[in-house]
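In: Pasting the sequence and the predicted coordinates here, then a few questions.
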Amino acid sequence: MNIQAAETFILEKLKNELPTNLYYHSFNHVIDVLNAAIQYAEMEKISENDTLLIKTAVLFHDSGFTIQSENHEELGCDIAKKFLPQFDYKESDIHIICGMIMATKIPQKPNNILEKIICDADLDYLGRDDFWEISHNLYKEVEVFGILTNEVDWNRLQLKFLSTHQYFTQSAKALRKNKKEAHTKKIRDIVEMYAS
């Protein structure tokens, strides 16, 4: 498994091929998720080999956006299956990596600890101080795609999402749950003002 070469390849591909109007699903998002995943893998005492698989899955998890946003997880798996054998990844490794990529599809449904880690890393920002900045980038992105066109609908959607979202690992719960609940309360207060 030559992760250095795989990482160089996919980061270059993302830099060159991700659409510029992806304000959230950007190159920076991939790096952000990578850092969170490494932290959670360490906290969860994941083996070195499995940590490499997690890192690889993170690097490829949004690569499907280089093709289109719809079903980008499946497309990311296709890209992983196509290119990872060139970097000495075994078929069994690629199968695990694709399981992790598919687990990030909303609503998240992880089946094992590696999938739980990537899911928590992917939405790590929900319980961080930079939540407002990152969620604004996501709003700009959904606006570009015409999914939502105003902040009222956006805040309602955010409230629904935050209210149903859960972290899966003990590490993410310990690190992010309280702050996420504070963000949820703030958005709930905003949404309740619309009704009055």
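Out: Now that the structure is in, tell me what you want to look at.
In: Sketch out the low-pLDDT regions of the protein for me.
Out: 196 (pLDDT under 70).
In: What segments of it are helices?
Out: 3-17, 27-43, 48-60, 72-83, 91-103, 113-122, 131-144, 151-164, 170-195 (DSSP state H).
In: do you know which of those lies nearest residue 66?
Out: helix 3-17 (3.9 Å; Cβ to Cβ). In this view, the C-beta of every residue, glycine as well, is placed from N, C-alpha and C.
In: Next one: residue 88 from residue 94, what distance?
Out: Separation of residue 88 from residue 94 (Cβ to Cβ, to the nearest Å) stands at 11 Å.
In: So for the two, which residue has more residues nearby?
Out: residue 94 (21 against 12; other Cβ atoms under 10 Å).
In: Which residues are in contact with the spatially closest residue to that one that is not a sequence neighbour?
Out: Leaving out its chain neighbours, the residue that sits closest to residue 94 by Cβ to Cβ, 6 or more residues apart in numbering is residue 84, at 5.2 Å. Neighbouring residues of residue 84 by Cβ atoms under 8 Å, 6 or more residues apart in numbering: 6, 56, 60, 93, 94, 97.
In: Select, from those residues, the two members most distant in space.
Out: Farthest apart among these - using Cβ to Cβ - are 60 and 93, which lie 12.0 Å from each other.
In: quick one, which of these two is more surrounded?
Out: residue 60 (28 against 19).
In: and that one, what is it in contact with?
Out: 10, 76, 77, 79, 80, 84, 97, 101.
In: Which residue comes closest to residue 81 once chain neighbours are left out?
Out: residue 94 is the one closest to residue 81 (Cβ to Cβ, 6+ apart), at 5.8 Å.
In: Turn the contacts of residue 60 into TSV, columns for distance to residue 143.
Out: Below are those laid out as TSV (distance: Cβ to Cβ, whole Å):
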residue	distance to residue 143
10	28
76	24
77	28
79	27
80	30
84	34
97	32
101	26
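In: Report the two of those residues separated the most.
Out: Longest span within those, Cβ to Cβ: 10 and 77, 13.2 Å.
In: re earlier: doesn't residue 80 make contact with the residue nearest to residue 81?
Out: Yes. Using Cβ atoms under 8 Å, residue 94 is in contact with residue 80, at 6.0 Å.
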